[in-house]
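In: Return atomic coordinates for the entry below.
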Amino acid sequence: MMKSAISRMPSGASRAFAAKRFFGEEGFGKHLFTGVNAAPYLAKQGLSASILDNADWTRDMETVDAVARAVMDWGRENGANVYTHWFQPLGAAGVREGCTGQVHNKMFDFTADGTVRWQFEGKTMLKGETDGSSFPNGGLRATHTAGGYNILDPSSPIFMRGDTIYLPCIFVTWHGHSVDEKTPLLRSVQAMSKEGKRLMKNLGWDVPGLQANIGLEQEFFLVPRDKFLTRTDLQMTGRTVMGRQAPRGQEMCDHYMGPPYETALKCMQEIQDECYKMGIPLKTRHREVAPNQYEFAPYFGFVTTQIDQNLIVMQIATEVAAKHDLACLLQEKPFSGINGSGKHNNWSLFTTDGVGLLNPKAVTKASGNPEVFPIVMAALVRAIDMHGDMMRASIASPGNDFRLGACEAPPAIISTYLGEAVTKYLEEFKSGKVSEYAAQTKKLDCGVESIAPFDVPAEDRNRTSPFPYGGHRFEFRAVGSSQNVSMVNTVLCAIAAESFKAFSDAIEAGAKPAQVAADALNKHWKCIFNGNGYAEEWPQEAVNKGVWRIDSGVESIARITDPKNIKLMEDLKILTKEECEARAEIMFDFYSGTVEMEALCMIDMIVTQIIPAVKQAGVGSVSDLQGAADAVKAKLDSMHSAPSAYEKATIARELRLETMESARGVCDSTEAIMPANLWPMATYKDLLFLDYTQ
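Out: Now for the predicted structure:
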């Protein structure tokens, strides 16, 4: 279970203790400009470290200049003399190192006599300028209208790596359009806080504001680097476009939570150490279900900080793995026939003074109103049912099209699991019974006299639901491992805000809050599904009930520009119509571009590696292999000739799931009969069993 820790510190003496505990004594966060690390440098400028807890400091240029001087002094004393505006371009997952953009600039220049002059002004820290037209922008920028601006995001701490100070930023055009992942996220958190605060007031509870907190479970593979370097597909795309199954896979369930292999363990330890220095406490590490698959999980924290930190984790994991002669694979489905990787997005809502809205005991105690928890849950059920298409769009990628619906990845059906107890409680609530929800437990006796009976939750876990309630949080399990999850959380905050707004509108028009919630539950109950999401009958049952089911990632992307969803984003001032259209086009291009790279890798590997090896071995069919390569090329050519980004992506999906899979069958059958010493690339057996091959 993840716990709230660093992102939102308590106040007063407890704040000082927490800062010392996490950032001082044990070296955690020593490369993070916050807490006790920032305090002495800010004190020299007459400022307290607590000034960074509120974004208002960025509005007073005298204060901004003072903070900039403190940041420069901190950097100089710790070996950093470079700064960069660190931002999150669109279309970056799986193809851009760390999913970020950055330009590095020295914090000094030279006088006429050659003397070094240190200089880092507040205005420089607050804003950078770059070329917006050279990043994916969906038509919002062009070479002759290229202005793009990086503006400091004070909600996420400044940090240091090596000789460089990183300034977390948003990225917008000259017109103010978002061409990044973070700006809509910040807008959505703002909208959710505004409408959530309004709803709480209508329920008799004044709160200072709301925030979204998340915890991200990052899955990945570690494979031998020398074997990785024999595979064009892994190097270029992060996944294998061919490869015969090894004699052993995950069928014995022997990898999950097994002892980490020594090489992988040392790599993971170094990743954790590097992350700790930047205040990223990767609390949990373990082996996952597939061979050579692993997971990190951090503490729970504020959404923008956690996403920034996750991007850092992915980059550090990639870099550190190379130092250990390993390759870190973050793609959703790098290998066929075994589990893919996800990034479970544990999501909750808190007041800005620390009360969890999804924690029934805490929220009832703080508000004095037992109706708050069921009304919030009703609003979220409504949001899931109405806007499940946007939830599905937020996780759309080529990798997820292979992953969803099997091997413990939930299906592409957006339902929610609440568990029998919460479901029964909400049934009673909508029937007029108002009471405080108390999470139930049961006593378990394992039959061993030396082990005392112990309490366990009354509810079992449902790993087939894409969005289960897990007590105090929802877990969006369908998120892909390579994603920047900003869009995921933008959508979650947006749909929560829209439901909170709808409830407040009705209450302020004279309706009773409990009745508004009951009506919503009655109307949207169909998205609650506590059964087996892998059951053969569930997909059709979901369609019959009217639950959102969108199997194709391409079709789900198209939902972003549906009038319903443009209205959702425009009404809440999160995205304009133009920004929605641009985002959809970028996602289509990313989809078809990813598949194009995979297809070209497959053609190259067949023609330049497999066919020569087959000729040398004197086994297999050259004509079948050439025919497979030709079929992939022909489909790729048809994709290139498609008139729109949507049509290109539609053909790309067919190419990936049909044409390339057929070609893969030919290649894998050839591998099965080839002499092992003549097969020209690393096999699944070579790649997936560090325990035995290293």
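
In: tell me the centre residue of the chain?
Out: Taking C-alpha atoms, centre = their mean, the centroid of the chain lies closest to residue 485, which sits 2.8 Å from it.

In: longest strand of this protein?
Out: strand 210-224 (DSSP state E).

In: ok, residue 498 touching residue 383?
Out: Yes. With contacts counted by C-beta atoms under 8 Å, residue 498 reaches residue 383, the gap being 6.7 Å. From N, CA and C alone the C-beta is placed, and that goes for glycine too.

In: what's the longest helix in this structure?
Out: Counting residues, the longest helix in the chain under DSSP state H turns out to be helix 577-605.

In: buried stuff in the helix or strand following that one?
Out: Going down the chain from helix 577-605, the next helix or strand is helix 611-617, by DSSP states H and E. Neighbour-count burial for helix 611-617 flags 611, 613, 614 (criterion: 16 or more other C-beta atoms under 10 Å).

In: name the element the residue lying closest to the last one once chain neighbours are set aside belongs to?
Out: If the residues on either side of it in the chain are set aside, residue 614 comes closest to residue 620, at 4.2 Å by C-beta to C-beta, 6 or more residues apart in numbering. Here residue 620 sits in a region with no helix or strand, counting by DSSP H and E.

In: do the same with residue 84
Out: Using DSSP H and E, residue 84 falls within strand 82-86.

In: what pairs with the helix or strand just after that strand, and is each one parallel or antiparallel?
Out: Counting by DSSP H and E, the next helix or strand C-terminal to strand 82-86 is strand 104-106. Partners of strand 104-106 in the sheet, by DSSP bridges, are strand 82-86 (antiparallel).

In: can you give me the mean pLDDT across the strand it pairs with?
Out: Across strand 82-86, the average pLDDT comes to 97.

In: what about the closest residue to residue 646 other than its chain neighbours, how many neighbours?
Out: Nearest residue to residue 646, sequence neighbours excluded (C-beta to C-beta, 6+ apart): residue 588, at 5.5 Å. Residues lying near residue 588 (other C-beta atoms under 10 Å) number 25.

In: got a list of what residue 588 touches?
Out: Residue 588 sits next to 554, 557, 645, 646, 648, 649 when contact means C-beta atoms under 8 Å, 6 or more residues apart in numbering.

In: List the ones among those that fall in helices.
Out: 554, 557, 645, 646, 648, 649.

In: gap between the nearest residue to the first one once chain neighbours are set aside and residue 396?
Out: In space, not counting the residues next to it along the chain, residue 554 is nearest to residue 649; the distance is 4.6 Å by C-beta to C-beta, 6+ apart. Using C-beta to C-beta, to the nearest Å, we find residue 649 at a distance of 10 Å from residue 396.

In: Make a markdown table out of the buried residues of helix 611-617 and add distance to residue 410 and pLDDT.
Out: Listed next are these as a markdown table, based on distance: C-beta to C-beta, whole Å; pLDDT from 0 to 100:
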| residue | distance to residue 410 | pLDDT |
| --- | --- | --- |
| 611 | 40 | 98 |
| 613 | 40 | 98 |
| 614 | 40 | 98 |
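
In: possible to save the residues you listed as JSON lines with distance to residue 179?
Out: Shown next, in JSON lines, are those (distance: C-beta to C-beta, whole Å):
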{"residue": "611", "distance to residue 179": "43"}
{"residue": "613", "distance to residue 179": "45"}
{"residue": "614", "distance to residue 179": "47"}
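
In: Tell me the one of those nearest residue 677?
Out: Ranking the buried residues of helix 611-617 by separation from residue 677, with C-beta to C-beta as the measure, puts residue 613 on top at 10.2 Å.

In: That closest one touches residue 677, doesn't it?
Out: No. Here residue 613 lies out of contact with residue 677, judged by C-beta under 8 Å, at a distance of 10.2 Å.

In: now the residue lying closest to residue 678 once chain neighbours are set aside: how far from residue 117?
Out: The spatial neighbour of residue 678 that comes closest, neighbours along the chain excluded (C-beta to C-beta, 6+ apart), is residue 617 at 4.7 Å. Using C-beta to C-beta, we find residue 617 at a distance of 67 Å from residue 117.

In: Please apply the same query to residue 68.
Out: Separation of residue 68 from residue 117 (C-beta to C-beta) stands at 15 Å.

In: These two: which is more packed in?
Out: In this view residue 68 and residue 117 are compared by other C-beta under 10 Å, and residue 68 has more residues nearby, 22 against 8.

In: Hmm, that one is touching residue 118, no?
Out: No. With contacts counted by C-beta under 8 Å, residue 68 stays clear of residue 118, the gap being 11.3 Å.

In: what residue of the chain is the furthest out?
Out: Relative to the C-alpha centroid of the chain, counting by C-alpha atoms, centre = their mean, residue 113 is the outermost residue, at 50.2 Å.

In: can you list contacts of stretch 107-125?
Out: By C-beta under 8 Å, 6+ apart, the surrounding residues in contact with stretch 107-125 are 61, 64-69, 71-72, 75-76, 81-83, 152, 165, 167.

In: rerun at 7 Å
Out: Stretch 107-125 is contacted by residues 61, 64-65, 67-68, 71-72, 75, 81-83, 152, 167 when judged by C-beta atoms under 7 Å, 6 or more residues apart in numbering.

In: Out of those, name the ones that lie in strands.
Out: 82, 83, 152, 167.

In: And residue 128, how close does it get to residue 82?
Out: Going from residue 128 to residue 82 by C-beta to C-beta gives 13 Å.

In: my bad, should have said residue 123
Out: 18 Å.

In: Then residue 142?
Out: According to C-beta to C-beta, residue 142 and residue 82 sit 31 Å apart.

In: which one of those two has more residues nearby?
Out: Neighbour comparison, residue 142 and residue 82: the larger count goes to residue 82, with 16 against 10 (by other C-beta under 10 Å).

In: Residue 102 is in contact with the more buried one, correct?
Out: No. With contacts counted by C-beta atoms under 7 Å, residue 82 stays clear of residue 102, the gap being 10.1 Å.

In: What are the boundaries of the strands in the stretch 451-600 of the chain?
Out: Here the stretch 451-600 of the chain has its strands, by DSSP state E, counting those that start in this stretch, at 454-457, 474-476.

In: And the first one, what does it pack against?
Out: Meaning strand 454-457. Where contact means 3 or more C-beta pairs under 7 Å, 6 or more residues apart in numbering; DSSP states H and E, strand 454-457 is packed against strand 441-444.

In: neighbouring contacts of the strand it packs on?
Out: Residues from elsewhere that reach strand 441-444 (C-beta under 7 Å, 6+ apart): 453, 454, 455, 456, 457, 458.

In: swap in stretch 86-106?
Out: By C-beta under 7 Å, 6+ apart, the residues outside stretch 86-106 that reach it are 81-85, 130, 135-136, 150, 164, 166-171, 179-182, 238, 311, 314-315, 330-331, 397, 482-484, 486, 583, 586, 589-590.

In: for that stretch, the distance to its chain's centre please.
Out: On the basis of C-alpha atoms, centre = their mean, to the nearest Å, stretch 86-106 sits 15 Å off its chain's mean C-alpha point.
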